[in-house]
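Undergrad: The sequence and its predicted three-dimensional model are supplied below.
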Amino acid sequence: MSHRRWRLAALALAPLLALGACDQLGDVWDRMRGGGEQGPGPTALESVPLAARALSGSVQPQGQIATLLQAEPVMIAPGEILVGARVEQELAETATEMGLASNLVRSLRVQGLDAIEDLPDNVIAQVRSRAEAEASDTARGAARDVLNRLGIEGEIAVRPGGVVTVSLATAGADPTSLRFGQQGEAAAAQEIPDAIEWNAADRCPRIVTQGQLENDIGLATRCAIQRLTSSGDFEYVEPNYIADSGFSRPPRERPKTQPTTPSQPSPSQPTTPATPRGGLPNDPLYALQWHYRPHGAGEGFSPGGAGFATFWEATQIGSRNVRVAVLDTGLDLTHPDIRGSTNVATGVDLINNPERGGDGDGIDADAQDAGDRCGTQTENSYHGTHVAGTIGAATTNDRVGVAGGAWDVTVVPVRVLGRCGGELADIVSGIRWAAGIAPAQNAGGQQIINRTPADIINMSLTIQAPCPASMQAAIDAAVARNVVVVVAAGNKANQASLYAPANCNNVVVVGANDARGGLSFYSNFGPQVDLLAPGGDVFSDSDNDGRPDGVLSTRTTAAGCYDPVNQNSTQQCYYSFLQGTSMAAPHVSAALALLASQTGLRGAQLEDALFTRAISPHASGYAQIECARSANATPISAGSATCARPSGRGLLDLARAAQTIGPAAASP
């Protein structure tokens, strides 16, 4: 295998190349400078420090599109297997042993610890904890028996929720040979976590020798999964899939100085927000954030806008009582638009493998975005920082950088993606931690409890596989706690049904629209997609402003940076235009946060409010797209250059929901 997965891992984020000066920018910056600090619109660019305005992103060549949409192999962590303990069966037995009525068992299974009002919390917790512990012990013993029969050594550990992890030991295997097909020292030098390609159709041979199992970890993984499944002792058995954020990592020369974490920005930028709050924000780069404008044509509108500005102008900017957990690469807490933000709560790093984490340790309470670089020829995406900035981690109306979707919100960073992606086991733990279902535990055995359980969970990540049972169970448990789970549809211009978590139940699946209001060429589609939100298109410049039609948010980089005041290149910048359903999903999470603040609704009622009040509907559930950029799409009429694809109920449009109704959440 080649290193192609990480060179081409398209399109949630696009390549960032060096910028050239663009004549068309003059008019745009003139308009931006005219806003001033006293009137509506962004602060004059010259009046803010470089760290508050330098950005990156250029219109990309069309020739890259076909390559970026190529299918990628499914990857797994070698020798890592997840098995599900039979917790529901054990719940019934435990409840009976404790003298509890049988009609309470259903509530215990589905709704969790807080569902039964007539039982003390400590009794409910005791039932659940005892059932999970006993079921997990049984599963651990059964897994050990299977490994013993195969003659394979391995470590077996228990995670919250009855997830048992099996880590195979293959003493004879050379781990460097597993690194995406590279060999020896070359692979080791690139510091790539071990991963192997997975094909679910491959079978374990009927006759396999001990030597084969010891020297081929892929074979050992396949055989162990097959034998564990056939034993019938577990709710599920699945490989530890590696999820992808979708960041495109084109090969390029490393800069002479490339910090492993973002450098400290200048402390000189102003941090005091303007008053009164609401209206259009004074953030100097807001004029380039077309995705927040009202949906429509004309000055101040965008055909692909999601209507946030209309909501803000109604002085509805959110509430810190609403909590959004972002399961991603973490959050850059040193960023000049995020450092010291009152919108950011304490998060967690749930990456168990230190090599994948890249920060020198395992699970801890430090959710700093340490990067996800995959080899020496790639850059860190800081994907989670870009996503969280769109939701509201970036302080809005502070005369610095960009605006966030919700001015007031509580963002909880949950780090589950690291070098070359993230492991299913960590993502499952992240869902449970974010929803307040189960604490994390560090290497020293100390528990890390989530003091700010989420109302909304954002997952801008994909796995090209059927919905893993462990992930579905965690999602179901979160939804039972009135959490709305928002996920990206994926970026391969393919059926969303092929990608998890978009193919899971109980999730809001978000595809991407571009600045023209059509389906973005890369966006996955199909019946699983619920709605479209701004994901952008960095291969287009539909408004001829010299900038790509990407989503502009927080991201530190040294690639293609420039000062918009004078067009001069800069060594570093803190804002980037990126594209993808990864960028679309946080727009929906931010919209849900605003609606929750406006109405006081949570859970299924909040989700219903989104669909009934905040969508500009498609005709018959189909979104339009250029046929020339959409292989195999259906023309809307014979010979038409416009095609259509099923893409949910419509486009996110908060302007439709700007009028306050119902009980409002208390302001912070």
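TA: Sure, I can see it.
Undergrad: how about low-confidence regions in this structure?
TA: 1-41, 94-125, 170-191, 248-276, 377, 660-668 (pLDDT under 70).
Undergrad: Outline the domain layout of this protein.
TA: 75-243, 282-615 (automatic domain parsing).
Undergrad: is it possible to export the ones you listed to CSV including mean neighbour count?
TA: Glycine gets a C-beta too; all of them are placed from N, C-alpha and C. Below are these laid out as CSV (neighbours: other CB atoms under 10 Å):
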stretch, mean neighbour count
domain 75-243, 18
domain 282-615, 24
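Undergrad: got JSON lines for these, with distance to Ser630 too?
TA: Formatted as JSON lines, the domains of the chain follow (distance: least, CB to CB, whole Å):
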{"stretch": "domain 75-243", "distance to Ser630": "26"}
{"stretch": "domain 282-615", "distance to Ser630": "6"}
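Undergrad: Compare the ones you listed and give me the one nearest Thr642.
TA: Nearest of those to Thr642, taken as CB to CB: domain 282-615 at 8.4 Å.
Undergrad: ok, and the closest non-adjacent residue to the spatially most central residue of the chain?
TA: Nearest to the geometric centre of the chain sits Ser460, at 2.3 Å (CA atoms, centre = their mean). Leaving aside its sequence neighbours, Ser460 sits nearest to Ser582 (CB to CB, 6 or more residues apart in numbering; 3.7 Å).
Undergrad: Against Leu498, how distant is that neighbour?
TA: Ser582 is 17 Å from Leu498, where distance means CB to CB, to the nearest Å.
Undergrad: next one: Gly404
TA: 32 Å.
Undergrad: Please enumerate the helices of the stretch 101-250 of the chain.
TA: In the stretch 101-250 of the chain, the helices defined using DSSP state H, counting those that start in this stretch lie at 105-111, 121-150, 184-189, 210-215, 217-231.
Undergrad: okay, those in a markdown table with distance to Pro439 next?
TA: Shown next, in a markdown table, are those (distance: least, CB to CB, whole Å):
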| stretch | distance to Pro439 |
| --- | --- |
| helix 105-111 | 19 |
| helix 121-150 | 12 |
| helix 184-189 | 35 |
| helix 210-215 | 36 |
| helix 217-231 | 27 |
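Undergrad: Relative to Gly639, which of these is closest?
TA: helix 217-231 (49.3 Å).
Undergrad: and that closest one, what does it pack onto?
TA: On a contact count with 3 or more CB pairs under 8 Å, 6 or more residues apart in numbering; DSSP states H and E, helix 217-231 meets strand 75-84, helix 121-150, strand 163-169, strand 196-197, helix 210-215, strand 237-243.
Undergrad: can you redo those as CSV with distance to Asn442?
TA: Output for the helices and strands packed on helix 217-231, formatted as CSV (distance: least, CB to CB, whole Å):
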stretch, distance to Asn442
strand 75-84, 20
helix 121-150, 19
strand 163-169, 16
strand 196-197, 28
helix 210-215, 32
strand 237-243, 20
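Undergrad: among the ones you listed, which is nearest Gln447?
TA: helix 121-150 (12.9 Å).
Undergrad: before we move on, back to that, what's the first helix or strand after whichever strand or helix holds the residue nearest to Ser460?
TA: Using DSSP states H and E, Ser582 maps to helix 581-599. Proceeding C-terminally, helix 581-599 gives way to helix 603-613 as the next helix or strand, assigned by DSSP H and E.
Undergrad: For that next one, give me every contacting residue.
TA: 455, 479, 482-484, 508, 530-531, 588, 591-592, 595-596, 599, 601, 649, 656-657 (CB atoms under 8 Å, 6 or more residues apart in numbering).
Undergrad: ok so, going back, now the angle from the helix holding Ser582 to helix 603-613?
TA: 100 degrees (axes from the mean of the first three to the mean of the last three CA atoms, to 10 degrees).
Undergrad: starting at the chain centroid, how far to helix 581-599?
TA: 13 Å (CA atoms, centre = their mean, to the nearest Å).
Undergrad: And stretch 361-380, by the same measure?
TA: Stretch 361-380 has its C-alpha centroid displaced from the chain centroid by 15 Å (CA atoms, centre = their mean).
Undergrad: again, but for stretch 316-324
TA: Offset of stretch 316-324 from its chain centre (CA atoms, centre = their mean): 19 Å.
Undergrad: Output it as PDB - backbone C-alpha positions only.
TA: The C-alpha trace of stretch 316-324 is given here as PDB (Å, rounded to 0.1, in the frame of the first residue of the first chain):
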ATOM      1  CA  GLN A 316     -30.300  36.500  19.700                       C
ATOM      2  CA  ILE A 317     -26.800  35.400  20.200                       C
ATOM      3  CA  GLY A 318     -27.000  32.300  22.300                       C
ATOM      4  CA  SER A 319     -26.500  31.300  25.900                       C
ATOM      5  CA  ARG A 320     -23.600  29.700  27.800                       C
ATOM      6  CA  ASN A 321     -26.200  27.400  29.400                       C
ATOM      7  CA  VAL A 322     -26.200  25.500  26.100                       C
ATOM      8  CA  ARG A 323     -23.300  23.100  25.700                       C
ATOM      9  CA  VAL A 324     -21.800  21.700  22.500                       C
END
